[in-house]
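*Asks:* With the input below, show me the fold.
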Amino acid sequence: MKRRRLIRVAVYAAALLAAGTAYYFFYRYTGIGIPCIFRTVTGLKCPGCGVTHMFRALFEFDPETACEANPVIFLQLPLFAVLLVKNTVQYIQCGRYRLGKIEHMLLFCSIAALLVFGVVRNL
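*Replies:* Model prediction:
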């Protein structure tokens, strides 16, 4: 059973990595990215605006530009990476995962930081 879950996770991770890499090269060579619906409708930047530029900069090993594109999400990436790895390992071992109280609190703080950032960046 663990082997099946491990294979499933590996397949999903490979598919996600392939899709992300394809999107990177498409964006890099065409300049066409996924438009922000919130910005298109309101003219304001949402808390996620700049993520494509951030990941492109990270893919090109330019953390300074990545941080300028979206500093809040850039600073939260290590937290999300740790949570992703922890929960993936827990899923492979047990077949399910649950967030603890501290993890819930960290995620709520991350959401609050994104909301504040979304307001402040449009002032």
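
*Asks:* Centre of the chain to the longest helix anywhere in the chain, how far?
*Replies:* Ranked by number of residues, the top helix in the chain under DSSP state H is helix 2-30. Relative to its chain's centre, helix 2-30 lies at 14 Å (CA atoms, centre = their mean, to the nearest Å).

*Asks:* Next secondary structure element downstream of that helix?
*Replies:* helix 37-42 (DSSP states H and E).

*Asks:* Please work out which residues outside the helix or strand following that next one touch it.
*Replies:* Sequence order places helix 51-59 as the next helix or strand after helix 37-42, per DSSP H and E. Identification of contacts with helix 51-59 by CB atoms under 8 Å, 6 or more residues apart in numbering yields 20, 24, 27-28, 33-34, 63-67, 69-70, 73-74. For every residue, glycine as well, the C-beta is placed using N, CA and C.

*Asks:* Same check on stretch 92-111?
*Replies:* 1-2, 5-6, 9, 76, 79-80, 83, 87-88, 90-91.

*Asks:* Report the buried members of the residues you listed.
*Replies:* 76, 83, 88, 91 (16 or more other CB atoms under 10 Å).

*Asks:* Just give me the neighbour total for the residue lying closest to the first one once chain neighbours are set aside.
*Replies:* Meaning residue 76. Nearest residue to residue 76 in three dimensions, chain neighbours excluded: residue 110, at 5.3 Å (CB to CB, 6 or more residues apart in numbering). The tally of other residues near residue 110 (other CB atoms under 10 Å) stands at 17.

*Asks:* distance of residue 110 from residue 16?
*Replies:* Separation of residue 110 from residue 16 (CB to CB, to the nearest Å): 20 Å.

*Asks:* got the buried residues for stretch 84-103?
*Replies:* 88, 91-92, 103.

*Asks:* sorry, that was for stretch 106-123
*Replies:* Neighbour counts using 16+ other CB under 10 Å place 106, 110, 114, 117-118, 121 of stretch 106-123 among the buried residues.
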